[in-house]
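Chemist: A structural model of the following input is requested.
(one chain, ligands or ions: 2)
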Amino acid sequence: MESAEAKKVMLSGIQPSGELHLGNYLGAVKNWVALADAFDCYYFMADMHTITVRQEPKELRRRTTEQLAEYIACGLDPEKNTLFIQSHVHEHAELGWILNCYTMFGELSRMTQFKDKSAKHANNINGGLFTYPALMAADILLYQPDYVPVGEDQKQHCELTRDIAIRFNNLYGETFKVPEPYIPKTGARIMSLSDPTSKMSKSDPAGCVFIMDRPEDVARKFKRAVTDSDTERCVRFDPENKPGVSNLMNIYSAVTGRSLDRVEKEFEGQGYGVFKAAVGDAVVETLRPIREQAGRLIADKAYIKQVYTDGDLKASRVARRTLRKVYRKVGFVEKPFE
Ligand code: ATP
Ligand code: LTN
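Modeler: Ligands and ions are numbered 1, 2, ... in the order given. As a prediction, the model looks like this:
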């Protein structure tokens, strides 16, 4: 039998900056669930990243524990996955500082997420927003993962993490495993239902379907989804010329597991109205059990606390080991007492 030590390691995180949405689920969490048996998995609430944009403290606290309940409701079993809160494991901040010193100004300046967020929050372009990728590299490298399952938009940060790890290893000898991003074939980039040329995001509630939305709201959002103004009016996958319909096909394919070809055949000769209603129904049925289970778990505060307490213990043990090695390599004097 394969021992836990021999399993490959997976790690990922999501910022509790808003409610979990369909893009987060299809681009990230759904794949985490599928991989739980084959890998040693670590998933966390990236609350330290979240404060790079101003938050209401009470809301951040609520969303962090609710996000954990939603992870579990999506199928992440706490017995099989280490689920924790980033700020509980202080090694993230400590390694984050060190990796800041091995990350170049030019590299940070090229990050698309920094450019997007600094345009969106022009009155608060703080240092944390800029150095965010060094903290993300620390989040990852502390756990020596093989893969980082994320949506398409995080590929650039994962590549920078690899560059930082390689740079450090070249200077000090093998210290970090160099991880690879793990990006799904369908669902890696779900677009907004109100503007299919921009990605579905928490900051655009109209075009965003939240995991906790009521079924009638999910159905309504799909009925109102922007389709394309071409004269053809048929369900065909063509992201360039038919971004609205192609996005809905991608969503339908991801939730039903049917191929895009099969989806095209299924709706042959049907109008957009029928198609949009069918996608809405399929998403409602996918989200229904998740929403119901999340509701129950959110109410069970003692259980949620137990899960993040256990997660903290396990994650801290692993993180401490890597950080100790890094402190030694960079030349810090060993602390006499732990
Ligand atoms: P924000 O709206 O603040 O930019 P977000 O909705 O992009 O946030 P994140 O916390 O940044 O959410 O992302 C969490 C995970 O979900 C990441 O792995 C990211 O790649 C994935 N993800 C986010 N949006 C989408 C999307 N529209 N399609 C597919 N995956 C997505
Ligand atoms: N940057 C990510 C969230 C995130 C993350 C990570 C993802 C923070 N640390 C480590 C994977 C691994 C985002 O904004 N979606």
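
Chemist: distance of whichever residue of the stretch 101-250 of the chain sits closest to ligand 1 from S253?
Modeler: Taking C-beta to the nearest ligand atom, ligand 1 has its nearest neighbour within the stretch 101-250 of the chain at G151, 2.5 Å off. Where C-beta positions appear, they are placed from N, C-alpha and C, glycine not excepted. Separation of G151 from S253 (C-beta to C-beta, to the nearest Å) stands at 16 Å.

Chemist: again with A225
Modeler: Taken as C-beta to C-beta, the span from A225 to S253 is 15 Å.

Chemist: chain center to stretch 178-194, what's the gap?
Modeler: Its chain's average C-alpha position is 9 Å from that of stretch 178-194, according to C-alpha atoms, centre = their mean, to the nearest Å.

Chemist: report the buried residues of that stretch.
Modeler: 178-179, 181-184, 186-194 (16 or more other C-beta atoms under 10 Å).

Chemist: next one: stretch 44-58
Modeler: F44, M45, A46, D47, M48, H49, T50, I51, T52, V53, Q55.

Chemist: stretch 226-240 now?
Modeler: V226, T227, D228, V235, R236, P239.

Chemist: wait, the last one sits on V245?
Modeler: To tie it back to what came earlier, the one meant is P239. No: contact criterion C-beta atoms under 8 Å: P239 and V245 do not qualify, at 9.3 Å.

Chemist: picking up where we left off before, go through the buried residues of stretch 178-194 and flag which are in strands.
Modeler: P181, Y182 (DSSP state E).

Chemist: contacts with ligand 1 among the buried residues of stretch 178-194, please.
Modeler: A188, R189, I190 (C-beta under 6 Å from any ligand atom).

Chemist: report the lowest-confidence entry in those.
Modeler: The lowest pLDDT within these belongs to A188, which sits at 85.

Chemist: could you measure from I85 over to K185?
Modeler: Following C-beta to C-beta, the distance that separates I85 from K185 is 31 Å.

Chemist: now do the strands in the chain.
Modeler: Under DSSP E, the chain gives strands at 8-14, 39-45, 81-85, 147-149, 180-182.

Chemist: enumerate the residues of the chain near ligand 1.
Modeler: 14-15, 17, 21, 23-24, 27-28, 150-151, 153-154, 188-190, 199-203.

Chemist: PyMOL command to pick out the buried ones of those residues?
Modeler: Burial among these is assessed by 16+ other C-beta under 10 Å; the matching PyMOL selection reads:
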select buried, resi 14+15+17+21+23+24+27+28+150+151+153+154+188+189+190+199+200+201
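
Chemist: any idea which residue of this structure lies closest to ligand 1?
Modeler: Closest point on the chain to ligand 1, by C-beta to the nearest ligand atom, is G27, at 2.0 Å.

Chemist: from ligand 2, how far out is that residue?
Modeler: 9 Å (C-beta to the nearest ligand atom, to the nearest Å).

Chemist: with adjacent residues omitted, what lies nearest to that residue?
Modeler: G151 (3.1 Å; C-beta to C-beta, 6 or more residues apart in numbering).

Chemist: contacting residues around that neighbour?
Modeler: G23, N24, G27, A28, I183, P184, G187, A188, R189, I190 (C-beta atoms under 8 Å, 6 or more residues apart in numbering).

Chemist: same deal with T227?
Modeler: With C-beta under 8 Å, 6+ apart, T227 has these contacts: G244, V245, L248, Y272, K276.

Chemist: show me those that map onto helices.
Modeler: Taking DSSP state H as the definition of helices, the contacts of T227 contribute G244, V245, L248, Y272, K276.

Chemist: tell me the one among those nearest to ligand 2.
Modeler: So of the ones in helices among the contacts of T227, ranked by how close each gets to ligand 2 (C-beta to the nearest ligand atom), first place is L248, at 23.4 Å.

Chemist: tally of neighbours for that closest one?
Modeler: Neighbours of L248 under the rule other C-beta atoms under 10 Å: 27.

Chemist: these two touch, right, it and F275?
Modeler: Yes: using C-beta under 8 Å, L248 is in contact with F275, at 6.8 Å.

Chemist: got a list of contacts for stretch 281-296?
Modeler: By C-beta under 8 Å, 6+ apart, stretch 281-296 touches 22, 25, 66, 69-70, 72-74, 209, 211-213, 215, 218-219, 222, 251-252, 255-256.

Chemist: where does the stretch 201-338 of the chain dip in pLDDT?
Modeler: Low-confidence segments of the stretch 201-338 of the chain, defined by pLDDT under 70, span residues 338.

Chemist: all helices for it, in order.
Modeler: 215-223, 243-256, 260-266, 272-299, 301-330 (DSSP state H, counting those that start in this stretch).

Chemist: the longest one close to ligand 2?
Modeler: No: Helix 301-330 lies apart from ligand 2 when judged by C-beta under 6 Å from any ligand atom; the minimum separation is 12.5 Å.

Chemist: do stretch 60-68 as well
Modeler: No: Stretch 60-68 does not reach ligand 2 (C-beta under 6 Å from any ligand atom); its nearest approach is 11.8 Å.

Chemist: CSV for the buried residues of stretch 44-58, including distance to ligand 2?
Modeler: Output for the buried residues of stretch 44-58, formatted as CSV (distance: C-beta to the nearest ligand atom, whole Å):
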residue, distance to ligand 2
F44, 8
M45, 10
A46, 4
D47, 10
M48, 8
H49, 5
T50, 9
I51, 12
T52, 10
V53, 11
Q55, 14
